[in-house]
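Student: Next comes the sequence, and after it the predicted model I'd like to discuss.
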Amino acid sequence: QKEVEQDPGPLSVPEGAIVSLNCTYSNSAFQYFMWYRQYSRKGPELLMYTYSSGNKEDGRFTAQVDKSSKYISLFIRDSQPSDSATYLCAMSDFTNAGKSTFGDGTTLTVKP
Amino acid sequence: NAGVTQTPKFRILKIGQSMTLQCTQDMNHNYMYWYRQDPGMGLKLIYYSVGAGITDKGEVPNGYNVSRSTTEDFPLRLELAAPSQTSVYFCASSYSIGTSGALFSYEQYFGPGTRLTVT
């Protein structure tokens, strides 16, 4: 079983839709939870991070962590065609050279 | 700042050939990583380094070698290329925080990738 499982997708939604991207994990030592966005043929870029449990909002994006269920989500409100990308969740316990464990990614397409 | 740069952008290798993927960062980050990303898959860690002269294996190190002689550079060497090494390779860097270096930045900064095909 993988340490981090991400909903595989792909996901295709109309512009303006609310999008939910999800990951589950098995390592209870994970403390930092990140979402990276990767445009086609580019390297990943950090979109949001959350420390421990709770919610974090940044504009149209909300990251949610439920450590009791070992479940994290990224919500995108009023999705735009420019949000079309692959979203990777990543997690770390920061005890080992800052290494992160990544999910396999969910590819999102927002249609105008 | 150029950030993390990688060369080449694309490469086609024949089976059994060797090559070096170059990675340079100008952010004075002490931690550097090499990943491979296969189609529809996430990032698999090949090797990482916590500073000049110190490297360690990641999840999928077989068929690869690394060196870290300077803070800026972290080349990845492929010896005897095989079709299974066809992938996109990403280099990333990060830094430690805290006075003892025991804490690490949550963010990794990625290069643009090298697309490698082995035929």
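Tutor: Yes, it's here. Residues are numbered from 1 along each chain as shown, chains lettered A, B, ... in the order given.

Student: Per-residue pLDDT of residue 94, please?
Tutor: Because you didn't say which chain, this covers chain A. With respect to pLDDT, A:Phe94 scores 67.

Student: nope, chain B
Tutor: What the model reports as pLDDT for B:Ser94 is 89.

Student: which residues does the closest residue to it other than its chain neighbours contact?
Tutor: Excluding its sequence neighbours, the residue lying closest to B:Ser94 (Cβ to Cβ, 6 or more residues apart in numbering or on different chains) is B:Tyr31, at 4.4 Å. In short, each C-beta sits where N, CA and C put it, glycine included. By Cβ atoms under 8 Å, 6 or more residues apart in numbering or on different chains, the contact set of B:Tyr31 is A:Ala97, A:Gly98, B:Tyr48, B:Ser49, B:Val50, B:Gly51, B:Ser93, B:Ser94, B:Tyr95, B:Ser96, B:Phe104.

Student: 7 Å instead, please
Tutor: Applying Cβ atoms under 7 Å, 6 or more residues apart in numbering or on different chains, we find B:Tyr31 in contact with A:Ala97, A:Gly98, B:Tyr48, B:Ser49, B:Val50, B:Ser93, B:Ser94, B:Tyr95, B:Ser96, B:Phe104.

Student: among these, which ones are buried?
Tutor: A:Ala97, A:Gly98, B:Tyr48, B:Ser49, B:Val50, B:Ser93, B:Ser94, B:Tyr95, B:Ser96, B:Phe104 (16 or more other Cβ atoms under 10 Å in any protein chain shown).

Student: Closest one of the residues you listed to B:Thr114?
Tutor: B:Ser93 (15.5 Å; Cβ to Cβ).

Student: with the contacts of B:Tyr31 in mind, which one is nearest to B:Gly63?
Tutor: Nearest to B:Gly63 among the contacts of B:Tyr31, counting by Cβ to Cβ, is B:Tyr48 at 16.3 Å.

Student: quick one: that closest one and B:Gly42, what's the gap?
Tutor: Counting by Cβ to Cβ, to the nearest Å, the gap from B:Tyr48 to B:Gly42 is 16 Å.

Student: Please name the nearest non-neighbouring residue to A:Ser68.
Tutor: A:Ser53 (7.5 Å).

Student: show me what contacts A:Gln38?
Tutor: A:Pro44, A:Ala85, A:Thr86, A:Leu88.

Student: try 6 Å
Tutor: When contacts are counted by Cβ atoms under 6 Å, 6 or more residues apart in numbering or on different chains, A:Gln38 touches A:Pro44, A:Ala85, A:Thr86.

Student: Now the second one: phi and psi?
Tutor: So that's A:Ala85. The phi/psi pair for A:Ala85 (degrees, to the nearest 10) reads phi -180, psi 180.

Student: Name whatever forms a beta bridge with it.
Tutor: Assessed by DSSP bridges, A:Ala85 has beta-bridge partners A:Leu108.

Student: show me what contacts it?
Tutor: A:Ala85 makes contacts with A:Arg37, A:Gln38, A:Tyr39, as judged by Cβ under 6 Å, 6+ apart.

Student: and the gap between the last one and B:Lys57?
Tutor: Computed as Cβ to Cβ, the A:Tyr39 to B:Lys57 distance reads 30 Å.

Student: do the same with the first one
Tutor: Here A:Arg37 is placed at a distance of 28 Å from B:Lys57 (Cβ to Cβ).

Student: Looks to me like A:Ser82 is in a helix.
Tutor: Yes. According to DSSP: H, G, I helix; E, B strand; the rest coil, A:Ser82 belongs to a helix.
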